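Peer 1: need a structure here:
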Amino acid sequence: MSVSPADQPRALSIIVVCWQAAATIERCLAALVPQCRDDVEVLVVDSGTDATADIVARRFPEVRLVRLATRHAPGAARNVGIATARGALIGFVDSDCVAAPDWAERVLAAHRDPTPVIGGVIDLAAPRTALGTALYLCEFNQWLPGAPAAPMRDIPTCCLSLKRSALERFGPFRSDGYCSDTAFNWKLARAGAPPRLDPSIRVAQIMQPTALGFVRKQLMHGRAFARMRVAEERFSTARRFAFAALSPVLPLVLGLRLVRRVRERAQPGLPLVRSAPLVFLGLCLWSAGELAGYVRPR
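Peer 2: As a prediction, this is how the structure comes out:
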């Protein structure tokens, strides 16, 4: 593992975890690097095999680059970034996200509050296709722009920040598979310190999936969520199969929640009508993935 440049204490370290992110990393860092200053740093932790690391080294020499020889799950890669970071605050932005120009400033301001973990809202970056909108709404409808400031049970690490004390108490992230951020947030909620949503903190998700990628992502994400839930909440065999039996009604339940949130908070420019059948398909795929995860949790 190689790290560059030299370490310096910072107020905020922004960690971007990458795996095969060459298509989006330049757009992501072009938004973050201008926010660097004496007390704000950006780190990229890359465990992929594509051109991501070369793009970072060539185009963004200000960024601290951590190159890993083997593929790391998101939680494991975040733990490496945290160990390398020198910030009193740790922020996370995904490699397929574009942070708002004042993202770092808003995070620093938000953490004047004693809340240990604070997240933001997630918009959809242009171009906005029907398939991209469907995937976005399936995955991020809880955190649409316009959502009120409030404690939440879960805020994803594509737009999350935390104090070091939160890591000392609740960390590290699980290193086994997907949804490690969800498991971390559940720990906070169980301890009576849930993450708080601050709608002034904002990123835009780059969503340009293929049809096959859309199907695979929803199946994988639903399955990973169920497996993490079984592990974190220590489901008995009876409880696993009870949740599996209820999985067929999930598309309806999730769909009704999604419609309510979209009606309350939807932003102009989303092709909602064209994407509606794809959204329902995505919810069905997620539910099928959950069913598989409960039946076979390992």
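Peer 1: which parts of this structure belong to which domain?
Peer 2: The chain breaks down by automatic domain parsing into domains covering 2-205, 211-295.
Peer 1: mind putting those into CSV with mean neighbour count and mean pLDDT?
Peer 2: (Each C-beta comes from the backbone N, C-alpha and C, glycine too.) Conversion of those to CSV gives the following (neighbours: other C-beta atoms under 10 Å; pLDDT from 0 to 100):
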stretch, mean neighbour count, mean pLDDT
domain 2-205, 19, 94
domain 211-295, 17, 94
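Peer 1: the helices in the stretch 1-150 of the chain, which residues?
Peer 2: 25-32, 52-59, 74-84, 103-110, 130-140 (DSSP state H, counting those that start in this stretch).
Peer 1: quick one, which of those is nearest to Gly269?
Peer 2: helix 130-140 (9.4 Å; C-beta to C-beta).
Peer 1: okay, that closest one in PDB with CA atoms only?
Peer 2: Listed next in PDB are the C-alpha coordinates belonging to helix 130-140 (Å, rounded to 0.1, in the frame of the first residue of the first chain):
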ATOM      1  CA  ALA A 130     -35.800   6.900 -17.300                       C
ATOM      2  CA  LEU A 131     -33.600   4.000 -16.200                       C
ATOM      3  CA  GLY A 132     -31.300   6.100 -14.200                       C
ATOM      4  CA  THR A 133     -34.200   7.800 -12.500                       C
ATOM      5  CA  ALA A 134     -35.700   4.500 -11.600                       C
ATOM      6  CA  LEU A 135     -32.500   3.200 -10.000                       C
ATOM      7  CA  TYR A 136     -32.100   6.500  -8.100                       C
ATOM      8  CA  LEU A 137     -35.700   6.400  -6.800                       C
ATOM      9  CA  CYS A 138     -35.400   2.800  -5.800                       C
ATOM     10  CA  GLU A 139     -32.200   3.400  -3.800                       C
ATOM     11  CA  PHE A 140     -32.400   6.900  -2.500                       C
END
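Peer 1: which other helices and strands contact that helix?
Peer 2: strand 117-124, helix 211-233, helix 250-265, helix 272-295 (3 or more C-beta pairs under 8 Å, 6 or more residues apart in numbering; DSSP states H and E).
Peer 1: what does it contact?
Peer 2: 122, 124, 156, 205, 207-209, 211, 214, 217-218, 221, 258, 262, 270-272, 274-275, 278-279, 281-283, 286 (C-beta atoms under 8 Å, 6 or more residues apart in numbering).
Peer 1: now that helix, how far from the chain's geometric center?
Peer 2: 14 Å (C-alpha atoms, centre = their mean, to the nearest Å).
Peer 1: got the angle between it and helix 250-265?
Peer 2: 100 degrees (axes from the mean of the first three to the mean of the last three C-alpha atoms, to 10 degrees).
Peer 1: for Leu137, see how far away the residue lying closest to Trp143 once chain neighbours are set aside is.
Peer 2: Leaving out its chain neighbours, the residue that sits closest to Trp143 by C-beta to C-beta, 6 or more residues apart in numbering is Ile122, at 4.6 Å. Ile122 sits 11 Å away from Leu137, going by C-beta to C-beta, to the nearest Å.
Peer 1: got the contact list for Leu89?
Peer 2: Contacts of Leu89 (C-beta under 8 Å, 6+ apart): 11-13, 107-108, 111, 161-164.
Peer 1: dump those residues into a markdown table; add distance to Glu290 as well.
Peer 2: Shown next, in a markdown table, are the contacts of Leu89 (distance: C-beta to C-beta, whole Å):
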| residue | distance to Glu290 |
| --- | --- |
| Ala11 | 40 |
| Leu12 | 36 |
| Ser13 | 34 |
| Val107 | 32 |
| Leu108 | 37 |
| His111 | 34 |
| Ser161 | 29 |
| Leu162 | 27 |
| Lys163 | 32 |
| Arg164 | 34 |
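Peer 1: now the farthest one out in the chain, which residue is it?
Peer 2: Relative to the mean C-alpha coordinate of the chain, counting by C-alpha atoms, centre = their mean, the farthest residue is Ala238 (30.8 Å).
Peer 1: gap between that one and Glu232?
Peer 2: If you go by C-beta to C-beta, the gap between Ala238 and Glu232 works out to 18 Å.
Peer 1: so who does Gly91 touch?
Peer 2: By C-beta under 8 Å, 6+ apart, the residues touching Gly91 are 12-15, 103-104, 107, 160-161.
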